[in-house]
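Engineer: Structure of the sequence below:
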Amino acid sequence: MRYFSIFTILILLIATGCQETRKALPPKPKAPIVWHTSQKEELLHLVAEDPYFSRCGLDTLYQGTLQNPSPKNLSALLQAYANNLANSCIDRKAFARSQHRKIAKNIKTYYDMPYREINATLLKRKLQAGYSIAEILKPYRPTWEEFDKLINAYHYAAEQNLSKKKLRTIRLNIERIKLLPHTPGDAYVLINIPSFEVALYENSVKKLGFRTIVGRTTWQTPIFSAPLRYIMINPQWNVPDSIARKSIIPRYLRGGEGYLRAKGMEIHKSYDLNSPKVDGSTVDWSKYPKDGKGYIPYKFIQKPSLKNGLGRVKFIFPNRFSVYMHDTQSKSLFKRKRRTFSHGCVRLQKPLKMLRYLTEHYTDTPLEAMQKHYKSLKTHMLRITRPLMVHIVYLTAYVDDENNLHFYNDIYGFDKSQRLKGK
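Structural biologist: Here you go, the predicted structure:
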């Protein structure tokens, strides 16, 4: 019995240590919540001032709560405001319809819009525990510095009487920040599609930055976030079936084996270079038309070489779109102002600079070993050993590190297709 008592005490101590020490939450409330006067005043003042730009579509509810500040109305207003803060003021249904129309026109497009559930019971428990409204909303407020920068830019722009169009652009980009992961991470790569730029940040300090090439307007680079996992040195290019249909097969039919030799390509039964090689002249390619869809049982592979379309290195953040950052042979395209030339992947102006920095700071591979692998022209994989997020974003208004506000062209049309609730 004595052993059981000690064990029980240890369990209780551990459980107690896991509780929040600053302000413990009471059990799930069974009776209606009684709002503290300070909480009621803070909520009504906050919604009136709207520092987080999350009052969209709530005017009727807000006015009703002003006239009748009952616990029920106050709780509904708090939950609705938290929802707009966590999930943005963009009209999701209208945007989804617009995306479906694009896809129907054979435009490849994707914009990740995660939805975060607001736990009404948790909100009530925090209210009962005496949390301030700011404390309750804190988990839903983006920690991105750009969020605050854009809000400040909006207020300044309004004072300077900027056009309604530019004010709307700033406002829309504030909402796009809300759709990103709650925090960017201590270290992250930011790829902004409209500015054609990539930057690597560590603890809010920009370590790298240069130009990119992104997806065409009909083959758009998807907007999403994922962790960087690997670096592939001297990659082979496994041509996706969609690109094979639209580009490679038509060129092969015109140029035959000469086209394959010039491009350093082979046709195989799978994306494994050791799989059986296929004689393209024996295949009925009419079964795989340019405008068709579906699986192709023959795979075009471009072998690692100095003329490989992916260049000498690619940076892999696994995702269902088969999108990654990579080197390119088409260096001259970086001189163009509008750089929409890829099939969705992100081409880097200075991939070797990225390779050296990541090898030194985010892998366990010595620089000398990396350089040896690079010179070998043989495929080699480096594993990322420190957390590094990749955020592909679409910001047509952006405040840079010197607090300068920039506007960029709406190359994929999201400024037009994303509208705010209540507008």
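
Engineer: List the beta-bridge partners for T212.
Structural biologist: Going by DSSP bridges, T212 is paired in beta bridges with L348.

Engineer: and it, what pLDDT?
Structural biologist: We have a pLDDT of 98 for T212.

Engineer: Tell me, how many residues neighbour it?
Structural biologist: By other Cβ atoms under 10 Å, 21 other residues sit near T212. C-beta: built from backbone N, CA, C; applies to glycine.

Engineer: Surely it and I191 touch.
Structural biologist: Yes - between T212 and I191 there is a contact under Cβ atoms under 8 Å: 6.4 Å.

Engineer: Quick check: neighbours shared by these two?
Structural biologist: Listed contacts common to T212 and I191 are 197-198, 346; contacts here mean Cβ atoms under 8 Å, 6 or more residues apart in numbering.

Engineer: Would you reformat these as TSV and include neighbour count, distance to Y362 and pLDDT?
Structural biologist: Shown next, in TSV, are these (neighbours: other Cβ atoms under 10 Å; distance: Cβ to Cβ, whole Å; pLDDT from 0 to 100):
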residue	neighbour count	distance to Y362	pLDDT
E197	19	20	98
V198	24	15	98
V346	24	18	98
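
Engineer: So which of these belong to strands?
Structural biologist: Among the shared contacts of T212 and I191, DSSP state E puts 197-198, 346 in strands.

Engineer: Between the residues you listed, which sits nearest A244?
Structural biologist: Ranked by distance to A244 (Cβ to Cβ), these are led by V346 at 20.7 Å.

Engineer: show me what contacts the closest one?
Structural biologist: By Cβ under 8 Å, 6+ apart, the neighbours of V346 are 191, 198, 212-214, 221, 323-326, 392.

Engineer: Give me the phi and psi angles of the closest residue to it other than its chain neighbours.
Structural biologist: Spatial nearest neighbour of V346, chain neighbours left out: M325 (4.7 Å); criterion: Cβ to Cβ, 6 or more residues apart in numbering. With angles defined as degrees, to the nearest 10, M325 sits at phi -100, psi 140.

Engineer: likewise the one 10 residues further on?
Structural biologist: Note on K335: its backbone torsions stand at phi -80, psi -20 [degrees, to the nearest 10].

Engineer: Could you report the pLDDT at it?
Structural biologist: 97.

Engineer: can you check A15 too?
Structural biologist: Per-residue pLDDT puts A15 at 39.

Engineer: ok, now the one 5 residues further on?
Structural biologist: Looking at E20, its pLDDT is 41.

Engineer: Q79 now?
Structural biologist: 97.

Engineer: what do you get for G422?
Structural biologist: If you check G422, the pLDDT there is 77.

Engineer: List phi and psi for it.
Structural biologist: Torsion angles, degrees, to the nearest 10, at G422: phi 80, psi 0.

Engineer: Let me see the contact set for the closest residue to it other than its chain neighbours.
Structural biologist: Using Cβ to Cβ, 6+ apart and skipping the chain neighbours, the partner closest in space to G422 is G57 (3.7 Å). G57 is in contact with 84, 89, 421-422, counting by Cβ under 8 Å, 6+ apart.
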